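S.K.: turn this into a model:
(chains A, B, C and D)
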Protein chains: 2
Amino acid sequence: MNPTRLFVLGALARRGPMYGHQIRRDARMDRADLWSDVRPGSLYGALHRLAAEGLIEPVRTEQSGHRPARTVYAITAEGRRELLVLRAEALSEVALRPDPVDLALVMSGDLDPGELRGYIEDRIRVLAAQAAFHTHQGERAWPDQTAADDLVVEHTRLRIEAELAWHRMVLDQAGKLAS
Amino acid sequence: MNPTRLFVLGALARRGPMYGHQIRRDARMDRADLWSDVRPGSLYGALHRLAAEGLIEPVRTEQSGHRPARTVYAITAEGRRELLVLRAEALSEVALRPDPVDLALVMSGDLDPGELRGYIEDRIRVLAAQAAFHTHQGERAWPDQTAADDLVVEHTRLRIEAELAWHRMVLDQAGKLAS
DNA sequence: CCGGGACTACTCAAATTTGAGTAGTCGTGC
DNA sequence: GCACGACTACTCAAATTTGAGTAGTCCCGG
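M.R.: You can find the predicted model right below:
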């Protein structure tokens, strides 16, 4: 299952034909950075490959003023079929992706406990800021917020809370890690 | 920050010179699949690149019986320096990677609520099994289990618990998603 | 003794991501 | 009226991952 493909096909299916930059912009408006994080290189790469496979097709090329030309893509019937497959895969796969901090922690036996505490405290600050941000998000919804969007925000909040709980635990035991 | 590089350099620094397959095998013994998930292609690719950059170096080629020859690599002084840098980066970066299920959920407005519930129930089953497994892991430790290893197991457990809590919430609201 | 399954150790092409651009346009404050 | 930062829209090479091998060896039951 390739999340980038799912993202692109889903965007074109939900909103109709769009060009690359628009897909990114709309995703930002949707706070889609919560559920996806696609950089330009990946996005345009995926657009080209999807077009080559016939899952999407360029419908026209526009140019407003002297700004760069842009190619509008639409999803094809075959693309919609593929979208269903990818969505089913995404719903089926439970993947707790490993967190590199765990890798680092296992290799931190020789690290000064004070320095380790510093890193963890910094992380807690970042996480707390994210938690605060998403709590606000819960109150002030963005336009067209659906029940699914609420669930995604809640997912993120719960994940951040779990991270915070764990980080506080690490802080407690930071002394023992050096021994 | 590249987790694969951190993983390889860290393994060679902690355990001394090893060949590729051994790095994977030892990682499995360490239950390192918790904090890293490196497939053969990535591993050997990383080994070749690290060697080309002088961060590790082949020390000898062995062959036991008629099994495939294997190249033993050792970390170099420069590799140790890079290891410190990568570890610091891993400790600094807070990255909640987006979960594709969120992406799928946002695109599931047209999905039959019963089918959605089915997917979520399956996911809960998988997560519950993982939780049970890691709870046992907490009791029966593997050899050489350090305080850091315990923390990593606990991290995984907390993350799974958060997922379970969220999934139950989704189940509650599965009906509303179709509306 | 011999077929099947599991392990050993690594390879490779193709897909994908990353990170850093490019070449402009637009707004805005001074 | 012009410098400056931000946006527009996309490109590209290099790094990295993926997924599927390869070519054997080892072991175990019947």
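S.K.: between the longest helix along chain A and helix B:147-178, how many degrees?
M.R.: As assigned by DSSP state H, the longest helix anywhere in chain A is helix A:147-177. Orientation of helix A:147-177 against helix B:147-178 (axes from the mean of the first three to the mean of the last three Cα atoms, to 10 degrees) gives an angle of 170 degrees.
S.K.: what's around the nearest residue to residue A:163 once chain neighbours are set aside, how many residues?
M.R.: Once flanking residues are discounted, residue A:163 sits nearest to residue A:127: 5.3 Å by Cβ to Cβ, 6 or more residues apart in numbering or on different chains. Where C-beta positions appear, they are placed from N, C-alpha and C, glycine not excepted. Residues lying near residue A:127 (other Cβ atoms under 10 Å in any protein chain shown) number 20.
S.K.: try residue A:170
M.R.: Counted with other Cβ under 10 Å, residue A:170 comes out at 23.
S.K.: that one reaches residue B:151, doesn't it?
M.R.: Yes. Counting by Cβ atoms under 8 Å, residue A:170 touches residue B:151, with 5.7 Å between them.
S.K.: contacts only, for the most centrally placed residue in chain A.
M.R.: By Cα atoms, centre = their mean, chain A has its centre lying nearest to residue A:36, at 2.4 Å. Contacts for residue A:36 (Cβ atoms under 8 Å, 6 or more residues apart in numbering or on different chains) come out as A:3, A:4, A:7, A:27, B:98, B:102, B:103.
S.K.: where does chain A have low pLDDT?
M.R.: A:137-143, A:177-179 (pLDDT under 70).
S.K.: what does it have sitting close to DNA strand D?
M.R.: Residues of chain A lying close to DNA strand D (Cβ under 7 Å from any atom of the strand) are A:19-22, A:25, A:40-41, A:44-45, A:48, A:64, A:67-71.
S.K.: show me the residues you listed that map onto helices.
M.R.: Short answer: the residues of chain A next to DNA strand D in helices (DSSP H) are A:20, A:21, A:22, A:25, A:40, A:41, A:44, A:45, A:48.
S.K.: picking up where we left off before, so the residue nearest to the centre of chain A, which state does it fall into?
M.R.: Following DSSP: H, G, I helix; E, B strand; the rest coil, the label given to residue A:36 is coil.
S.K.: give me phi/psi at it?
M.R.: With angles defined as degrees, to the nearest 10, residue A:36 sits at phi -160, psi 150.
S.K.: tally of neighbours for the closest residue to it other than its chain neighbours?
M.R.: With sequence-adjacent residues excluded and distances taken as Cβ to Cβ, 6+ apart, residue A:36 is closest to residue A:7, at 4.8 Å. Number of residues near residue A:7 (other Cβ under 10 Å) recorded here: 26.
S.K.: doesn't residue A:7 lie inside a helix?
M.R.: Yes. The assignment for residue A:7 is a helix, going by three-state DSSP.
S.K.: show me the contacts for it.
M.R.: A:27, A:32, A:36, A:38, B:103.
S.K.: returning to that earlier point: between the contacts of residue A:36, which is nearest residue B:121?
M.R.: residue B:102 (18.0 Å; Cβ to Cβ).
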